[in-house]
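Asker: coordinates for the following, if possible.
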Amino acid sequence: MTAVDYINLLISSLLLAGIYAAMAVGMTVIYGVMKIVNLAHAGFLMLGAYFAYELFDRFHLHPMLCAALALPVFFVFGMAVHWLLVRWLPKSDTPTLASLLLMFGFWQVLQNIGNLVWGTQAYSILTPLTISSVRWGEISVPKVSLVVFAAAAASLVLLRFVFNYSWFGRSMRSLIQNPYAAQIVGVDDRRTAMLSFGLGTAFAGFAGALLATLFPFTPDFGASFQLRAFVIIVLGGLESVSGVALGALILALLETFSINLPFPWYSHGWTKVYLPASYQPAVSFVLLVVALLVLPRGVAGLLERKWRTA
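Answerer: So this is what the prediction gives:
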């Protein structure tokens with residue numbers, strides 16, 4: 001491979017990391033505030049993809065406008081889910097079996113609704129951006145990837161602004177850091193939890209709408225991306241919103257380079273083989289196991305510990 005090939009792979013990894021970060025940050029927010037592993041995240045991703053498709057197909061809206069509209073719609077939907085289901089869960093400092101079963105069951109309900117409404121046929125959102133690219137000499141980047149990356153990055157900047165400059169953001173940060181101290185100083189944990197669940201759902205629907213412009217989708221669409229979201233938040237430190245970007249970058253680099261670089265393989269002599277693209281989820285599984293065993297607090301926690309001891 002030439003230097004240009006490596007540059008193309010690196011750019012692809014950076015663009016993929018942007019959408020991965022937007023996809024995982026919603027799960028991080030919900031876990032950080034409520035200590036709930038949101039297994040329904042895959043269902044919200046799937047609904048976000050179909051939401052964008054229906055607006056694009058029926059009303060001919062631009063896919064990025066569809067993704068932007070998904071934010072307020074899924075925010076309200078997430079608060080409704082919290083009010084109907086999640087608020088009845090017992091409070092706990094760690095994930096409980098009740099929360100896992102509830103969110104897993106709700107995911108299955110959403111998936112079956114998807115099968116009932118849209119069937120098992122694969123859908124996709126195709127625009128002129130899908131088949132066009134930007135070229136700088138020998139470097140080529142799909143325009144749709146650039147647009148999706150810009151939208152994902154803008155959403156993360158907006159989330160950072162909310163975290164730093166709003167009462168809601170301060171309430172979320174205080175509950176993530178110390179829920180008992182936050183309640184002592186007057187933080188309304190129930191209201192903040194409902195809004196946090198709505199925010200996490202909004203980002204899941206938004207990310208699903210963005211992913212629909214890059215990949216074909218079915219009602220099973222969200223499962224593989226949910227695994228990636230797990231890997232990212234574990235690498236990022238579970239409760240660290242800032243660590244999500246780092247975890248997304250690590251996963252995107254490994255996924256992109258693992259299927260595009262040859263590996264030495266011995267079979268009646270050494271040769272070079274390429275990892276099939278169908279094996280890509282295995283990269284996420286291996287990385288998740290390694291992260292849980294070696295970096296239980298994530299890369300961000302490791303860097304923080306080294307900073308303190310320096």
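
Asker: and the longest helix for this structure?
Answerer: helix 3-34 (DSSP state H).

Asker: tell me which stretches of the stretch 101-250 of the chain form helices.
Answerer: Remark: helices assigned in the stretch 101-250 of the chain by DSSP state H, counting those that start in this stretch are 143-165, 167-177, 179-184, 189-211, 222-236, 241-258.

Asker: who wins for proximity to Leu39 among those?
Answerer: helix 222-236 (7.5 Å; C-beta to C-beta). Placement of C-beta: from N, CA and C, glycine included.

Asker: list the buried ones in the closest one?
Answerer: Neighbour counts using 16 or more other C-beta atoms under 10 Å place Gly222, Phe225, Gln226, Arg228, Ala229, Phe230, Val231, Ile232, Ile233, Val234, Leu235, Gly236 of helix 222-236 among the buried residues.

Asker: and it, how far out from the chain's middle?
Answerer: Remark: helix 222-236 is offset 7 Å from the chain centroid, using C-alpha atoms, centre = their mean, to the nearest Å.

Asker: surely Gly32 and Ser242 touch.
Answerer: No: judged on C-beta atoms under 8 Å, Gly32 makes no contact with Ser242 at a distance of 11.4 Å.

Asker: these two - which one has more neighbours?
Answerer: Comparing Gly32 with Ser242 by other C-beta atoms under 10 Å, the one with more neighbours is Gly32, at 22 against 14.

Asker: tell me the pLDDT of Lys35.
Answerer: As predicted, Lys35 sits at a pLDDT of 88.

Asker: with Thr309 instead?
Answerer: For Thr309, pLDDT reads 50.

Asker: same deal with Ala277?
Answerer: pLDDT, Ala277: 67.

Asker: who touches Leu253 in this structure?
Answerer: Leu10, Ser13, Ala17 (C-beta atoms under 8 Å, 6 or more residues apart in numbering).

Asker: please spell out the ChimeraX selection for the buried subset of the residues you listed.
Answerer: Applying 16+ other C-beta under 10 Å to the contacts of Leu253 leaves a buried subset, and the ChimeraX line that selects it is:
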select :13,17
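
Asker: got the contacts of Leu253 as CSV, with pLDDT and distance to Phe104 columns?
Answerer: Putting the contacts of Leu253 into CSV (pLDDT from 0 to 100; distance: C-beta to C-beta, whole Å) gives the following:
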residue, pLDDT, distance to Phe104
Leu10, 89, 37
Ser13, 88, 31
Ala17, 91, 28
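
Asker: ok, the buried residues of helix 222-236 vs Ile259, which is closest?
Answerer: Ile259 has its nearest neighbour among the buried residues of helix 222-236 in Arg228, at 14.4 Å by C-beta to C-beta.

Asker: how close does that closest one sit to Leu61?
Answerer: Applying C-beta to C-beta, to the nearest Å, the value for Arg228 to Leu61 is 27 Å.

Asker: could the buried residues of helix 222-236 be laid out in CSV, adding pLDDT and distance to Met79?
Answerer: Shown next, in CSV, are these (pLDDT from 0 to 100; distance: C-beta to C-beta, whole Å):
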residue, pLDDT, distance to Met79
Gly222, 87, 20
Phe225, 89, 23
Gln226, 90, 21
Arg228, 88, 26
Ala229, 89, 21
Phe230, 87, 24
Val231, 86, 28
Ile232, 88, 24
Ile233, 87, 22
Val234, 84, 27
Leu235, 83, 29
Gly236, 79, 25
